[in-house]
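Q: sequence plus predicted model, see below.
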Amino acid sequence: MPLYMTQFAYTTEAWTALTKNPEDRREGLRAMMEKLGGRLIELYYSLGEYDGVLLYEGPDDIAIAAAVIATVGAGHIKAVKTTKLLSIEDTLQALRKAGDLTYKAPSQR
C-alpha cells in the first residue's frame with residue numbers, strides 16, 4: 001500500500017482548545033484511515049513551520065485526498081502539505097528506468 005506523509009499546522013483556536021483539553025488525536029485519525037482502507041502509522045508533533053506530521057498508508061491518492069479534505073474541512077488546520085513517499089525499492093526501480101531514458105535540456109542562445 002502506498003505510504004504518505006502529511007505535515008500540518010493548527011490554527012490558534014485549535015491550540016487553545018488542546019491546551020484547555022489535551023487529547024490524543026490519533027484515535028480519530030486511525031478510525032478515518034481504517035474506514036478508507038488505510039492505516040495510520042503514527043502522528044508526531046514537531047517544531048518549525050508545521051506543528052505535526054502524520055505517517056500513514058492509503059489505498060490510493062483519491063482516498064488520501066478525501067481524508068485530507070475532510071480533515072481540513074473541520075476548520076482546525078491552517079496549513080497542510082501531503083507527500084507521497086517512495087520506498088527504497090521503488091526508488092531503485094525508478095532509477096533503473098531513468099537510466100534507460102534520455103531527455104534534452106533546453107538550449108541557450
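A: Received the coordinates, thanks.
Q: can we go C-alpha only for contacts and neighbour counts from here?
A: Fine.
Q: quick one: contacts for residue 39?
A: 30, 33, 56-58 (C-alpha atoms under 8 Å, 6 or more residues apart in numbering).
Q: between those residues, which is nearest residue 87?
A: Nearest to residue 87 out of the contacts of residue 39 is residue 57 (C-alpha to C-alpha; 12.1 Å).
Q: how many neighbours does the closest one have?
A: 20 (other C-alpha atoms under 10 Å).
Q: beta partners for residue 39?
A: Per DSSP bridges, the residues bridged to residue 39 are residue 57.
Q: rewinding a little: got the contacts of residue 39 as TSV, with distance to residue 14 columns?
A: Below are those laid out as TSV (distance: C-alpha to C-alpha, whole Å):
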residue	distance to residue 14
30	19
33	21
56	22
57	25
58	26
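Q: how about the helices in the protein?
A: 12-20, 26-35, 61-73, 88-99 (DSSP state H).
Q: nearest to residue 82, out of those helices?
A: Of all those, it is helix 61-73 that lies closest to residue 82, at 8.2 Å by C-alpha to C-alpha.
Q: tell me which other helices or strands the closest one touches.
A: Helices and strands touching helix 61-73, by 3 or more C-alpha pairs under 8 Å, 6 or more residues apart in numbering; DSSP states H and E, are strand 77-85.
Q: if you count neighbours, what's buried in stretch 17-31?
A: Buried residues in stretch 17-31, counting neighbours by 16 or more other C-alpha atoms under 10 Å, are found at 29-30.
Q: and that stretch, how far out from the chain's middle?
A: Put simply, stretch 17-31 sits 18 Å off its chain's centre (C-alpha atoms, centre = their mean, to the nearest Å).
Q: how long is that stretch end to end?
A: Its start and end residues considered, stretch 17-31 measures 21 Å (C-alpha to C-alpha, to the nearest Å).
Q: what lies in contact with that stretch?
A: 39-40, 42-43.
Q: picking that back up, including mean pLDDT, could the helices of the chain go into CSV?
A: Listed next are the helices of the chain as CSV, based on pLDDT from 0 to 100:
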stretch, mean pLDDT
helix 12-20, 97
helix 26-35, 96
helix 61-73, 96
helix 88-99, 96
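Q: adding distance to residue 47 as columns, could you present those in a markdown table?
A: Below are the helices of the chain laid out as a markdown table (distance: least, C-alpha to C-alpha, whole Å):
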| stretch | distance to residue 47 |
| --- | --- |
| helix 12-20 | 14 |
| helix 26-35 | 19 |
| helix 61-73 | 20 |
| helix 88-99 | 27 |
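Q: good, we can wrap up now.
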